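J.: 3D, please:
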Amino acid sequence: MKNPRQVVVVGGGPGLCDRVRLLGADITLVDTPTGYDEALVATARRNVLTDYDDPSLIPMLSAIHRDTPFSAVLSLTEHGLIPAARIAEALGVPGLSPEVVGRTRDKFAMRTWLRDKAFSAVPCAVVRDVADIRDFAAEHGYPVIVKPRHGRGSEHVSCFRRAEEVVMPPLTADEYIAEPFLSGPEFSVEAFSCAGEHHVVAITGKFTHDDDPANPFVEIGHVVPAPLEPADSAAIVAYVSEFLDVMGIMDGCSHTELRLTPSGPEVIETHTRVGGDSIPTLVRQATGHDLLDLLVQWSLDGVRPQEPALTVAGAAAIRFFAPPPGTVTGISGAQRWQGLPGVLKFHLPLKAGDLIPQIRDSHTRVGYVLTTAPTAAQAIELCRDVMSGVHIDVG
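T.: Residues are numbered from 1 along each chain as shown. Below is the predicted model of the structure:
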């Protein structure tokens, strides 16, 4: 009997591991002692639970590789992306280089690279105090966005429109960067690349917490497909394809966030993974493409994206509940939506006595509803209907 193929999965992920096993491959799971999923440990052929920067990690995997070679090193978790690239490079397994992945994890490095390649002229600077922010604004103008250099999930993002508003964001282990505020609607682009051939699978429309002036950039919803004119869709597809080339992202999943400014698309950030917030589920429901299937089938069998079978839906949306902060005194209307046609998932893990925090980032949201419908407008409207029919009483 032919021995099964061997795959390193860094950072776990039940969806990714499930797809690997479906293709008959064995998993070597690499994860941290504090972050691993116990359910995945039981299904892996072997488990390596250690810190990603453990100096013995790569020599250990190299020794295994000499005996039973690995076919792929995969990761879809934010903190596992660079370790996976380093492992693949050390083992001589195909994959993006650590340098390419590193440019996507470091927003200042990305801006510098795009400027040096004459792709984008958006300025960016590391800022360490209020004076640095004001100096940047004096040169480039207000409004100014200040955010962590390696941040994610809309954490600690500030927008200053006048000099007197400027304050230094909370102290973190990360540096902060400043860049001009890019005006225009925000989208994300879900793409899959095969040896430099880029397939834009979906353009996702975004809803942000605009009603909260203190945290207006927190994402509270998404819809696939994004409501766009054909010319704007074409411009975004062309822009992202060129952007991926310039960045050196030749293989695998990418999730690129951008704004459609008055002068055209302009990137905000990119990731060499699928998007969060159930975006892969929205994409699968709306387009028939399964991004995790695409990744595993390309990595193990060299299968390029095919035209999927027609789906029942055509559009999908997700909206996150954004109640005011306080203590929950009661919830009504939640049960009536369970199983309603078009409501694919309803998740509201709140009960009386729970404390709702101020919604400052993606981690402080409290629940969501995910819907499908023939059109984006109908999927969005169904989300609104569900959310307006649920009453969260806060005292």
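
J.: what segments of the stretch 101-250 of the chain are helices?
T.: 107-116, 130-140, 230-247 (DSSP state H, counting those that start in this stretch).

J.: same list, those, but as a markdown table with distance to Gly288, mean neighbour count and mean pLDDT please.
T.: Bear in mind the C-beta positions are built from the backbone N, C-alpha and C, glycine included. Below are these laid out as a markdown table (distance: least, CB to CB, whole Å; neighbours: other CB atoms under 10 Å; pLDDT from 0 to 100):
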| stretch | distance to Gly288 | mean neighbour count | mean pLDDT |
| --- | --- | --- | --- |
| helix 107-116 | 31 | 17 | 98 |
| helix 130-140 | 43 | 16 | 97 |
| helix 230-247 | 18 | 16 | 98 |
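
J.: export those as CSV, with columns for distance to Leu295.
T.: Shown next, in CSV, are the helices of the stretch 101-250 of the chain (distance: least, CB to CB, whole Å):
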stretch, distance to Leu295
helix 107-116, 22
helix 130-140, 38
helix 230-247, 15
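
J.: which ones are touching Gln378?
T.: Residues near Gln378 by CB atoms under 8 Å, 6 or more residues apart in numbering: Ala315.

J.: check the secondary structure at it for me.
T.: helix (DSSP: H, G, I helix; E, B strand; the rest coil).

J.: same question, Ile268
T.: strand.

J.: that one and Gly184 touch, don't they?
T.: No: counting by CB atoms under 8 Å, Ile268 sits too far from Gly184 to count as a contact (10.8 Å).

J.: between the two, which is the more surrounded one?
T.: Ile268 (19 against 14; other CB atoms under 10 Å).

J.: got the contact list for stretch 272-279?
T.: So stretch 272-279 is contacted by 75-78, 81, 96, 100-101, 104, 153, 188, 190, 204, 219, 222, 224, 249, 252-255, 280, 291-292, 318, 320, 345, 362, 368, 370 (CB under 8 Å, 6+ apart).

J.: mind listing the shared neighbours of Ile268 and Gly184?
T.: Arg259.

J.: so of the contacts of stretch 272-279, which ones are in strands?
T.: 188, 190, 204, 219, 222, 224, 252-255, 318, 320, 345, 368, 370 (DSSP state E).

J.: out of those residues, which are buried?
T.: 188, 190, 204, 219, 222, 224, 252-255, 318, 320, 368, 370 (16 or more other CB atoms under 10 Å).

J.: nearest residue to Gly326 other than its sequence neighbours?
T.: Val394 (3.8 Å; CB to CB, 6 or more residues apart in numbering).

J.: tell me the contacts of that neighbour?
T.: Counting by CB under 8 Å, 6+ apart, Val394 has contacts Pro323, Pro324, Pro325, Gly326, Thr327, Val328, Thr329, Ile356.

J.: for it, what are phi and psi?
T.: phi -120, psi 130 (degrees, to the nearest 10).

J.: quickly list what it is bridged to.
T.: Val328 (DSSP bridges).

J.: dump the buried ones among the ones in strands among the contacts of stretch 272-279 to JSON lines, plus distance to Pro213 and pLDDT.
T.: Below are these laid out as JSON lines (distance: CB to CB, whole Å; pLDDT from 0 to 100):
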{"residue": "Ser188", "distance to Pro213": "23", "pLDDT": "97"}
{"residue": "Glu190", "distance to Pro213": "30", "pLDDT": "98"}
{"residue": "Thr204", "distance to Pro213": "25", "pLDDT": "98"}
{"residue": "Glu219", "distance to Pro213": "16", "pLDDT": "87"}
{"residue": "His222", "distance to Pro213": "22", "pLDDT": "97"}
{"residue": "Val224", "distance to Pro213": "28", "pLDDT": "97"}
{"residue": "Gly252", "distance to Pro213": "38", "pLDDT": "97"}
{"residue": "Cys253", "distance to Pro213": "34", "pLDDT": "98"}
{"residue": "Ser254", "distance to Pro213": "32", "pLDDT": "98"}
{"residue": "His255", "distance to Pro213": "27", "pLDDT": "98"}
{"residue": "Ile318", "distance to Pro213": "24", "pLDDT": "98"}
{"residue": "Phe320", "distance to Pro213": "18", "pLDDT": "95"}
{"residue": "Tyr368", "distance to Pro213": "23", "pLDDT": "96"}
{"residue": "Leu370", "distance to Pro213": "28", "pLDDT": "97"}
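
J.: over to the most centrally placed residue in the chain. Which of the three states is it?
T.: For the chain, the residue nearest the mean C-alpha position is Gly275 (2.9 Å; CA atoms, centre = their mean). Following three-state DSSP, the label given to Gly275 is coil.
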